[in-house]
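> Sequence and predicted model, in that order:
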Amino acid sequence: KTTSKSQVQFVDELLKEKRGKGLSESDVLPDYTEYRIGYRKISNSTNERTMVASVIPKGAVCIESVQLFRPYELNPEEEHLEQENLHNAYERIFTDRELFCAVGLINSIPFDFLMRTKIETNMVKYKVEETQV
């Protein structure tokens, strides 16, 4: 009988083999350590503005009514597995300039109109991500 491992188990065993220590909390780089894009989750197509987005500052944690785009992409390479933590495997998705440009596009009137035609009361993340922006 074969059993499949979870991704966490796989990474834990790989790190134990490469650096002698398994996966720990210090390996994870939380999203709140970087600027990221957030937009209000609850809206309505009858509101004056449907899409309202902003740059969320470092250290701010958003839990319920703000949907966030992740600031990092995890791209581990062989040399990252032997380091003290996995922070070097995280790559920013946007530069600061790209981040503010993206917020400007998301807050634009044409994008607002597009989202108004797609939603009823909730800004579902997949509907935002499937747009051309």
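Happy to help now that I have it. Because the structure is a prediction, the values reported are computed rather than measured.
> quick one, helices of this protein?
According to DSSP state H, the chain carries its helices in the segments 7-19, 96-106, 109-118, 125-129.
> any idea of the mean pLDDT for the first one?
For helix 7-19, the mean per-residue pLDDT is 87.
> Show me which residues of that helix are buried.
By neighbour count on 16 or more other C-beta atoms under 10 Å, the buried set for helix 7-19 is 11-12, 15. The C-beta positions use only the backbone N, C-alpha and C, and glycine is treated the same way.
> Could you do the second one as well?
With burial defined by 16+ other C-beta under 10 Å, the residues of helix 96-106 counted as buried are 99, 102-103, 106.
> Any chance of those residues in a markdown table with distance to residue 56 as columns?
What follows is those, written out as a markdown table (distance: C-beta to C-beta, whole Å):
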| residue | distance to residue 56 |
| --- | --- |
| 99 | 10 |
| 102 | 13 |
| 103 | 10 |
| 106 | 13 |
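> returning to that earlier point: could you dump the buried residues of helix 7-19 into TSV with distance to residue 21 added?
Converted to TSV, the buried residues of helix 7-19 look like this (distance: C-beta to C-beta, whole Å):
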residue	distance to residue 21
11	12
12	10
15	7
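> and which of these is nearest residue 122?
Minimum separation from residue 122 among these (C-beta to C-beta) is found for residue 11, which lies at 33.3 Å.
> how much space between that closest one and residue 74?
In this view, residue 11 and residue 74 are 10 Å apart by C-beta to C-beta, to the nearest Å.
> swap in residue 130?
In this structure, residue 130 and residue 74 are 23 Å apart, going by C-beta to C-beta.
> Which of the two has more residues huddled nearby?
Taking neighbours as other C-beta atoms under 10 Å, residue 130 and residue 74 compare with residue 74 leading, 12 against 9.
> Quick check: the more buried one touching residue 88?
No - with contact defined as C-beta atoms under 8 Å, residue 74 and residue 88 do not form a contacting pair (10.8 Å).
> what stretches of the protein score poorly on pLDDT?
Segments of the chain classed as low confidence (criterion: pLDDT under 70) are 1-3, 45.
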